[in-house]
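Asks: Structure for this input, please:
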Amino acid sequence: MPVETTRQDFLIGLLIVCAIAIVVGALIATSGWGQHRYDIYVRVASAEGITTDTRVLVKGLEVGRVTRITPRVAAATGAISFLARLSVAESFQDGARLQLPVGTRAQIEQVNQISAAALIRLELPDTAARGRTFLQAGDTISSTRRVSPLDAMSDVAAHLSQEVEAVLHESHRTLARMQSTLGQVNETVRGITPDVEATLHNVAGTMERMNGMIARVDRAGFPDSLSATLATSHRALQRIDSLTGAAQILTAENRRDLREAVTNLTRLSRQLNHFADEMSRRPYRLLTGVKPLSQPRDTTRRADPVRDSTRP
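Replies: Sure thing, here's the model as predicted:
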């Protein structure tokens with residue numbers, strides 16, 4: 001009996017040791033013990049969500065962990081920043097060498113929307129140049145933090161709430177001004193209501209008198225008289241038109257005689273002006289006579305063909 005109990009205890013202990021060995025082996029396999037690693041540093045503005053066991057990913061694959069976070073205080077400004085040390089594997093599990101080129105940046109992202117824990121993604125540069133250099137142990141890279149959708153929504157909600165508050169304040173002021181304006185309008189309407197009523201009463205009386213006048217004019221036959229007057233005016237205009245045409249024809253036929261008459265009147269006027277001028281300067285010319293004014297030759301008058309034919 002004691003031998004069987006000892007054997008059972010031995011088997012149970014052996015199973016426990018095997019289980020512990022399997023767990024330790026799994027931990028060693030998953031923790032990366034035995035892999036060659038090197039440290040690089042990341043400057044972060046805030047250590048929120050970053051712990052000493054934060055995962056480091058490259059294109060979604062875990063390649064390292066954060067091993068330490070050190071705060072830094074600027075001597076000139078007193079600004080606080082943090083320096084996170086990353087332990088990065090030198091190669092992948094299949095033996096391929098992991099080399100991070102110069103220009104690699106770290107992007108800090110929140111793991112999920114519920115937890116504040118974060119992870120670090122190493123963003124490789126897009127361009128691949130020949131002969132480029134790679135990060136070495138002890139190098140420092142910069143980082144950016146991606147804003148979570150909830151934070152972005154909260155920022156948008158805060159901004160919208162401020163805008164809505166401003167709109168509500170402006171609406172309140174506008175309503176107050178409108179209320180004041182409506183009060184003034186009501187006072188003005190109450191003040192001009194008696195005058196408007198009196199004006200409307202006068203307008204109504206005037207319209208009644210105008211209607212009576214129009215009715216009397218219609219009964220007196222005013223439209224017929226107006227039509228007859230317009231017809232008479234039309235006939236008079238036609239007669240004046242015909243008279244104007246006849247005058248134009250008469251003027252065209254007697255244009256030469258009219259021109260000669262105007263010329264003779266002009267000469268007579270000049271002679272009379274000369275006579276009056278001589279008599280005003282020398283009254284004795286009334287006894288001795290006044291020398292007639294020399295007549296200028298009219299070059300515009302056409303020669304008489306009958307008289308010209310009688311000349312030798």
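
Asks: Please make it C-alpha for all contacts and neighbour counts, starting now.
Replies: Will do.

Asks: longest single helix anywhere in this protein?
Replies: Longest among the helix segments of the chain by residue count, using DSSP state H, is helix 149-219.

Asks: Next, count neighbours for Arg132.
Replies: 8 (other CA atoms under 10 Å).

Asks: Next: the one 5 residues further on.
Replies: Neighbourhood size, Ala137 [other CA under 10 Å]: 13.

Asks: For it, give me the pLDDT.
Replies: pLDDT for Ala137: 89.

Asks: swap in the one 10 residues further on?
Replies: Turning to Val147, the model gives it a pLDDT of 73.

Asks: bridging residues for the nearest residue to it once chain neighbours are set aside?
Replies: Excluding its sequence neighbours, the residue lying closest to Val147 (CA to CA, 6 or more residues apart in numbering) is Glu109, at 7.7 Å. Beta-bridge partners for Glu109, by DSSP bridges, are Leu119.

Asks: who touches Glu109 in this structure?
Replies: By CA atoms under 8 Å, 6 or more residues apart in numbering, the contact list for Glu109 reads 118-121, 145-148.

Asks: From Arg132, how far out is it?
Replies: Computed as CA to CA, to the nearest Å, the Glu109 to Arg132 distance reads 28 Å.

Asks: Equivalent analysis for Arg121, please.
Replies: 21 Å.

Asks: Equivalent analysis for Phe275, please.
Replies: Note on Phe275: its distance to Arg132, by CA to CA, is 126 Å.

Asks: Hmm, Gln110 and Ile50 touching each other?
Replies: No. Ile50 lies out of contact with Gln110 (CA atoms under 8 Å); the separation is 9.6 Å.

Asks: Now the common contact residues for those two.
Replies: Common neighbours of Ile50 and Gln110 (CA under 8 Å, 6+ apart) are 117-119.

Asks: Could you give me the ChimeraX selection string for whichever of these are buried?
Replies: In ChimeraX, this line selects whichever of the shared contacts of Ile50 and Gln110 come out buried by 16 or more other CA atoms under 10 Å:
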select :118,119
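
Asks: would JSON lines of the shared contacts of Ile50 and Gln110 with distance to Ala261 and pLDDT be doable?
Replies: Converted to JSON lines, the shared contacts of Ile50 and Gln110 look like this (distance: CA to CA, whole Å; pLDDT from 0 to 100):
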{"residue": "Ala117", "distance to Ala261": "125", "pLDDT": "86"}
{"residue": "Ala118", "distance to Ala261": "123", "pLDDT": "89"}
{"residue": "Leu119", "distance to Ala261": "124", "pLDDT": "91"}
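
Asks: residue contacts, Arg55?
Replies: Applying CA under 8 Å, 6+ apart, we find Arg55 in contact with 62-66, 119-120.

Asks: neighbour-wise, which of those leads?
Replies: Highest neighbour count within the contacts of Arg55: Ile120, with 27 neighbours (other CA under 10 Å).

Asks: Poorly predicted segments of the stretch 151-300 of the chain, please.
Replies: Residue ranges of the stretch 151-300 of the chain with pLDDT under 70: 217-223, 283-290, 293-300.

Asks: and if we set it to 90?
Replies: Residue ranges of the stretch 151-300 of the chain with pLDDT under 90: 151-172, 175, 178, 182-300.

Asks: Gln136 versus Thr54, what's the distance?
Replies: 21 Å.

Asks: what about the two, which has more around it?
Replies: In terms of neighbours (other CA under 10 Å), Thr54 is the more surrounded of Thr54 and Gln136; the figures are 18 against 14.

Asks: these two touch, right, the more buried one and Glu62?
Replies: No. The pair Thr54 / Glu62 is not scored as a contact, 10.4 Å apart, by CA under 8 Å.

Asks: what's around His159, how many residues?
Replies: His159, neighbours per other CA under 10 Å, totals 12.

Asks: gap between it and Met153?
Replies: 10 Å.

Asks: now Ser115
Replies: To Met153, Ser115 is 17 Å away according to CA to CA.

Asks: Which one's more surrounded, these two?
Replies: Met153 (12 against 9).
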